[in-house]
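Chemist: Provided below for reference: sequence and predicted model.
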Amino acid sequence: MTTVLERIHSGLIRQRSLLSDWVRQTPESEKTLRLGPATEQSVQDRIDYIDTYIEKAEEGKLGECTVCHGHVQSALLEMDYTCCVCLEHLSSTEVRRLENELELAQRIQQTLLPREVPDIPGLEIAAYSRPAQFIGGDYFDFLKLDDGRYCLAIADAAGHGISASLHMASVQAMLRAIIPIASSPADVMQRIHDLFIHNSHFSTFVTFFIGIYDPETQVLSYSNAGHNPPVLLRTGDGEASALMLNPTGAVLGLVEEPLYREVELKLESGDLLVLYTDGVTEAVNPSDELFGNERLIECIERDRQRPAQAIVRGIRDTLERFVNDRALDDDTTFVVIKVA
Ligand SMILES: [Zn+2]
């Protein structure tokens, strides 16, 4: 018990310092992006919430049962540090719900990391991903759902290297386990958030974009948890225009009770959807300028008539010329999806 409590306590301390560093050090424009519709106050609320649990841990009251005043099973506490009722006081419905959650947690652990790029009817897809170090914290995925729809996802964990990549492995596993039982992108996001937020091992932030595409109707519905807005370049009637798929909720791990909305849009023939991580737009050239959204959009516009693979090559070459032999110091990933 002691070791579990100690582990949770140090995890909470880490989360707390991560959040207060974020509030102190993040530039305003970046805050607006990562918070989506949420406010900075909601981050403060989360810090206050964590503080109450740090206090409980220090007073030995973490996991104290509200019914019998004993301690809840440490396995429960490890799954969710806010847990405060022993198993034996739960109703049969509550036990069933908990069993479902345990089963889900088990499926998550068993899920490996195979990556398949499916042939999605009517879409042409190409992707590029390069870690800054030998292992990265970027993640993208395409999953086929049982009803014929497809999930397109991209995520970015704060930081680099092994710790970031481990966080991404868990997020990927969560996505794979949750997607078959969730009803919509916002529902998927909400469930991932719920698994993520009260587990003390996850003391990091993850930005996440989840889209679900139906090839029958060509409708894409998406939910964006503080991820860099994907670009939708529409070339319908001659003139190209870029639509940014802005955040519809806060970054995972940043806010205590975020609300994830979703947006639906119909893709048209010729549309180009580009998902990317901040390693692209925050790449820096020798005069310390950022690559930025505008250069990215220029690349996509310039090559829009070409195949998806050529557009990917175009972005990569432009980016490499821009940084001019400077090593890219962040993981860099982009996915180009062209509607036939
Ligand atoms: Zn009890």
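Modeler: In hand now; what should we look at? Fair warning: this is a prediction, and the values are worked out from it, not measured in the lab.

Chemist: how about the residues of this protein near the ion?
Modeler: Contacts of the chain with the ion, taken as Cβ under 5 Å from the ion, map to C65, V67, C68, G70, C86. Glycine gets a C-beta too; all of them are placed from N, C-alpha and C.

Chemist: Looking at those residues, which two lie furthest apart in space?
Modeler: Based on Cβ to Cβ, the longest span within those runs between V67 and G70 and measures 8.7 Å.

Chemist: how far away is E88 from S170?
Modeler: Distance, E88 to S170, by Cβ to Cβ, to the nearest Å: 30 Å.

Chemist: who's more crowded, these two?
Modeler: S170 (20 against 10; other Cβ atoms under 10 Å).

Chemist: quick check, the more buried one in a helix?
Modeler: Yes - assessed by DSSP: H, G, I helix; E, B strand; the rest coil, S170 belongs to a helix.

Chemist: Tell me who's in contact with V67.
Modeler: Taking Cβ atoms under 8 Å, 6 or more residues apart in numbering, we find V67 in contact with V85, C86, H89.

Chemist: Now the residue of the stretch 151-300 of the chain found nearest the ion: closest residue in space, sequence neighbours ignored.
Modeler: Nearest residue of the stretch 151-300 of the chain to the ion (Cβ to the ion) works out as H198 at 18.9 Å. Excluding the flanking residues, the one nearest H198 by Cβ to Cβ, 6 or more residues apart in numbering is D80, at 4.6 Å.

Chemist: burial of that neighbour, as a residue count?
Modeler: By other Cβ under 10 Å, 17 other residues sit near D80.

Chemist: pLDDT below threshold where in this structure?
Modeler: Within the chain, the stretches with pLDDT under 70 are 1-2, 102, 104-117, 132-136, 160-163, 200, 236-237, 327-329.

Chemist: Please enumerate the strands of it.
Modeler: 123-130, 138-144, 150-157, 206-214, 219-225, 231-234, 241-244, 263-266, 272-276, 332-339 (DSSP state E).

Chemist: And the second one, what does it pack against?
Modeler: Here strand 138-144 is seen to pack against strand 123-130, strand 150-157, helix 161-178, strand 332-339 when contacts are counted using 3 or more Cβ pairs under 8 Å, 6 or more residues apart in numbering; DSSP states H and E.

Chemist: Could you provide these in a markdown table, with additional columns for distance to H227?
Modeler: Below are the helices and strands packed on strand 138-144 laid out as a markdown table (distance: least, Cβ to Cβ, whole Å):
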| stretch | distance to H227 |
| --- | --- |
| strand 123-130 | 15 |
| strand 150-157 | 7 |
| helix 161-178 | 12 |
| strand 332-339 | 11 |
